[in-house]
Each structure stands twice: as structure tokens, then as C-alpha cells.
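1. With the sequence up front, the predicted model follows.
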Amino acid sequence: MPLTPPIPILIVDDEPDLRDLLVEALQDQGYAAEGADGGAQALALVRQKHFPVVFTDLNMPGGLSGLELLRVIREEDPRTTGILMTGYATTESAIQALKRGAYDFIQKPFKLTEIEASLERALEHYRLLRENEEYQQNLERMVESRTQEITGLKNDIERLFEGFVNASVTAIESRDPSTSGHSSRVADLTVGLAEAVNSTPSGPYGGLHFTPIQIREIRYASLLHDFGKVGVREQVLVKAKKIEGDRLESIYQRLHQRTLEATRDSLLDTWSKGRSFDHELVAALLTQQQEETRHLMDLVRRSNEPTVLPQEVALELNLLQDLTYQHWSGDRRTLLEPGDLDLLKIPKGSLSARERDEIQSHVTHTYRFLCQIPWTLELAGVPDIAWNHHERLNGRGYPRQLMGPDIPVQSKLMAITDVYDALTAADRPYKAAVTVERSLEILEQEASVNLLDTEVLRIFLEARIYERTMGQGRTP
């Protein structure tokens, strides 16, 4: 059961002032906190909804004690985590409370920070338990499936390898959290597309049938298709703008400094000709220089976006080429560092040719990594499938510029699912999300110019494979 904000929290205490204070404080922290004045009201609320964490006073007159309440609540909802609060705490009472099922024990009077810290620990404990439950459920399903195919020691090896694949996917996505879930979604889509090919009775792929082992091979290749990104520099992997960070800030600072220098030089020239100080003249000079600087800053800002660079903007960038500023050493230096202008003139996207080559190298890194794994004979195609998922039918893909007949069918399937997921994924630093409808149009455009396989795309659309991941971090 995932923790989706706002997380419900129940406060049980017969002291209304304290109860209301805690409820309001937790609501201010973004929790869906509710209060109950005793065991009866608390149980009524628990029977209506699930509370991951329940804070309860230990001693409440006229009803259930805190420990009794937690026992009953756990019978009703075993996933609830209980925390006891009391003003009569002893070491023995704390030990007994923990032994009898309470997760934590807080002594009154307490600070809100203690409540918040205890709540964070309890929610982390809750999350880990749920993840473990989910993992166990998935593991049990996997064991049941594998038992039908293999026996004994081979089954243990399969489970171990599944863990390795999942850990590898985690390693990939830790490099770029904004792409979290991409590998799993591509695997889901590609497997679904392969199964749809199996159900296609006619056409170019009517006679093609993937066995269960081949489906597994496709899944592994899809899960690991981006593993080579671990070998790409992080600043390139998540680069959102053509120039970023301190480098961009330095350009703006130098433009600002140039404004002051130009104003200063104009004033000195005026005064050298014998004219006296004139406020209006100074203001006019400064305004003129500021307007020019604002224009140049805006030019840099517009050019720095990863969208398509208009030709007129690219030409106007030449204004920056010969601009200089005075370095602190007294030397005149060019305002742009070597290569800055080339970066700003990138026609589309945020990557230079060299950086794009580095990004594209991830496929070769993936291939080399996967070739180190001693695959069984049935799964020996995993490296090749992953290696070729960026190849295109007309030879304009990478890394080897293969033509259509030389590209494995499994890679053609993954090419479509990979592009689709990349388009529809939620906003990333370097691109905005694209709607499902527009993404499907783009796929059709790429198929029309012989980049993607037309027949595979037809199956993808008619079988509505794209719906398998709708709602998983995609734009509607």
C-alpha cells in the first residue's frame, strides 16, 4: 500500500487542547491528520479508513487504554503502526509498551519536533514493511512462474538474476531521477508489443511467434537497455540548457559589467572635453547601455533554450562574438569563453555534437556490459537486442547505422516503445512532456520517413499497447 500524500494520521487523546494542537500541527506539515477523544471514536474512524500511523495516549479514562486500543486496531488493520504518548513514563512501561506492539513511545510533555521525528521514523518503518510485502508478493509470483519452467538450483539462479537486473535498473535511474521508471515501462510496453505480435495472424509478422523464453529475453534487454548511461557524465545526462550554472552566470555578469564600463568610458570622454557633471546625461547614458545589455541578455536567454533555434536568432548571436570586458588584471578579454558561442548556436536541443556523441555512446557501453554476463543459450540475444534499439530502418540510427534488414525484430519493437515512453514521460529538465495523442502522431511521422517499422507501429496502435503504462508518470 503506497504512501500517497496527504497521508492520514490519527491522534487519540482525551485532552482536547493537546489533541487539536497535534492535529493542526500535522495538517500544517501536509498530513491528513484527524483526532479522536477516545477508543470508541478512534475505532469508528479506523473502520472507515486506513491510518498508517496512530498516536494514542496511554491512559484514557472511561474506556480502552492506549495499549488495548492499539491491540484492537491491529486486529482491525494489521498494517497500522502505533505510537504511545504518556505523561507517566517509566523505563519498564516503555519496554512493556514496545513488547506489546507499540512502535514508539513518547513521554509528555514533548516538543512538536519529537512528534515529527517519531512520525518520520514510523512512516519509514511502514514504507519498508510495505515494500517488503510487495517484494515478497512479486517474488512468490516469480517463483511460481519459474517453477513451471525449471527446477531446483536453476530456479534459485533465476531469482538471483532477477535481483541483479532490478539492482542494475536502480543504478541506471539513480543517475537521472527524472527518468525514474523508464526502464520498467519500456520493458512492460515491449513485452506487451511482443505478445501482440504473437496474436497477429497475418502481415509481415504473421508467421512470427516469440516463445516464453524469448519474451523473457526481450524483457531483460528492455530493462537493461539504458544501463550504459552509468558511463555517461551526469552533467551531460541531465543537461537542460546549452550553457548552465556558473558558466551562464559569468556571461550575464560580464554583460552587466560591460554596461558599467561603457557608461564610465562615455562619462570620461565627456568630461575630458570639458563638460561638467550632468545628472540627465548620466541617466541617459546608463539607460542606453542597460537597454543594449537587456537585449543581449535576452538573446543569450532565448538561444540557451533547447528548443529549435530560429535562423534570425542564430545570426544575431554574432553580435556577441567580438564583445569584450575588462578583466580584474586590467586585460581586455572576450566576453564569451571559447566554445560558448558554438553552444548557443546549437540548432536544436541542449547538447553539442561532442556531448551528443557521449550520450549516444551509452548503447555501446550497454552492449559491452551485457556481453560480460554469462547468458544462457536461450537468453544469448539480450546484448544484441539492447545494442540495436536506437538503430533506424533507413540507416540514420546509431551506433552502427544499420539498415532495416540488419536490425533484430526485437530491437524494432523496443525502438517504438522507447521513443513513446520518452515522449510521454513527465517533464524532464531537458524536455517538456508530450501528450499521448501527440506522441502517437510523432511515431507515425517517424514511421512515414522509414525511421520506425510501419507494421510494428500498426500492431502497437491497434492493440493499444500504449495504454499499459498510462497513468505511470505520463502526461494525459
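-> Thanks, I have the structure now. Numbering: from 1, shown residues only.

2. Could you pull up the residues touching Phe387?
-> That one is not Phe; residue 387 is Trp. The neighbourhood of Trp387, defined by C-beta atoms under 8 Å, 6 or more residues apart in numbering, consists of Val363, Thr364, Thr366, Tyr367, Leu370, Pro399, Ser411. C-beta here means a position set from N, CA and C on the backbone, and glycine is covered the same way.

3. swap the cut-off to 10 Å and go again
-> When contacts are counted by C-beta atoms under 10 Å, 6 or more residues apart in numbering, Trp387 touches 221, 225, 228, 363-364, 366-368, 370-371, 399-400, 402, 408, 411.

4. again with Asp331
-> The contact partners of Asp331, taken as C-beta under 10 Å, 6+ apart, are Thr324, Tyr325.

5. Can you check the pLDDT for it?
-> Reported pLDDT at Asp331 in the predicted model: 85.

6. on that earlier part again, return the item of the contacts of Trp387 having minimum pLDDT.
-> Gly228 (84).

7. follow-up on the earlier one: mind giving me the ChimeraX command for buried ones among the contacts of Trp387?
-> Listed next is the ChimeraX selection for buried residues among the contacts of Trp387, using 16 or more other C-beta atoms under 10 Å:
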select :221,225,228,363,366,367,370,399,402,408,411
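
8. The contacts of Trp387 in strands, which ones?
-> Nothing among the contacts of Trp387 maps onto strands, per DSSP state E.

9. which one of the contacts of Trp387 sits closest to Gln311?
-> Pro399 (30.6 Å; C-beta to C-beta).

10. and the gap between the closest one and Thr366?
-> For Pro399, the distance to Thr366 (C-beta to C-beta, to the nearest Å) stands at 10 Å.

11. any idea how far Val72 lies from Gly63?
-> The value you get for Val72 to Gly63, if C-beta to C-beta is used, is 11 Å.

12. Now the common contact residues for these two.
-> Joint contacts of Val72 and Gly63 (C-beta under 10 Å, 6+ apart) are Gly39, Ala42, Leu43.

13. Confidence-wise, which of the residues you listed comes last?
-> pLDDT is lowest at Gly39 among those; the value there is 88.

14. That one: what's it in contact with?
-> By C-beta under 10 Å, 6+ apart, Gly39 lies in contact with 12, 14, 56, 60, 62-66, 68-70, 72-73.

15. Serialize the residues you listed to JSON lines and add fields for neighbour count, secondary structure and pLDDT.
-> JSON lines is the format used below for those (neighbours: other C-beta atoms under 10 Å; DSSP: H, G, I helix; E, B strand; the rest coil; pLDDT from 0 to 100):
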{"residue": "Val12", "neighbour count": "28", "secondary structure": "strand", "pLDDT": "93"}
{"residue": "Asp14", "neighbour count": "16", "secondary structure": "coil", "pLDDT": "89"}
{"residue": "Thr56", "neighbour count": "27", "secondary structure": "strand", "pLDDT": "90"}
{"residue": "Met60", "neighbour count": "20", "secondary structure": "coil", "pLDDT": "81"}
{"residue": "Gly62", "neighbour count": "8", "secondary structure": "coil", "pLDDT": "72"}
{"residue": "Gly63", "neighbour count": "15", "secondary structure": "coil", "pLDDT": "77"}
{"residue": "Leu64", "neighbour count": "19", "secondary structure": "coil", "pLDDT": "82"}
{"residue": "Ser65", "neighbour count": "16", "secondary structure": "coil", "pLDDT": "84"}
{"residue": "Gly66", "neighbour count": "25", "secondary structure": "helix", "pLDDT": "84"}
{"residue": "Glu68", "neighbour count": "14", "secondary structure": "helix", "pLDDT": "86"}
{"residue": "Leu69", "neighbour count": "26", "secondary structure": "helix", "pLDDT": "88"}
{"residue": "Leu70", "neighbour count": "27", "secondary structure": "helix", "pLDDT": "88"}
{"residue": "Val72", "neighbour count": "15", "secondary structure": "helix", "pLDDT": "89"}
{"residue": "Ile73", "neighbour count": "26", "secondary structure": "helix", "pLDDT": "89"}
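
16. Any chance of these in CSV with distance to Arg356 as columns?
-> Supplementary listing: those in CSV, determined by distance: C-beta to C-beta, whole Å:
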residue, distance to Arg356
Val12, 59
Asp14, 66
Thr56, 59
Met60, 66
Gly62, 72
Gly63, 69
Leu64, 66
Ser65, 67
Gly66, 62
Glu68, 66
Leu69, 62
Leu70, 58
Val72, 62
Ile73, 57
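
17. So which of those residues is the closest to Ala187?
-> Each of the contacts of Gly39 was scored against Ala187 by C-beta to C-beta, and Ile73 proved nearest at 39.2 Å.

18. I'd say Thr435 and Ala425 touch.
-> No: applying C-beta atoms under 10 Å as the test, Thr435 and Ala425 come out as separate, 11.9 Å apart.

19. And the pLDDT at the nearest residue to Glu455 once chain neighbours are set aside?
-> The shortest distance from Glu455 to any residue that is not its chain neighbour, by C-beta to C-beta, 6 or more residues apart in numbering, is 4.8 Å, and that residue is Pro204. Each residue has a pLDDT score; the one for Pro204 is 92.

20. longest helix anywhere in the protein?
-> With secondary structure taken from DSSP state H, the chain has its longest helix at helix 112-147.

21. Determine the set of other helices and strands touching that one.
-> Contacting helix 112-147 under the criterion 3 or more C-beta pairs under 10 Å, 6 or more residues apart in numbering; DSSP states H and E are the following elements: strand 8-12, helix 16-28, strand 53-57, strand 81-86, strand 104-107, helix 153-175, helix 212-223.
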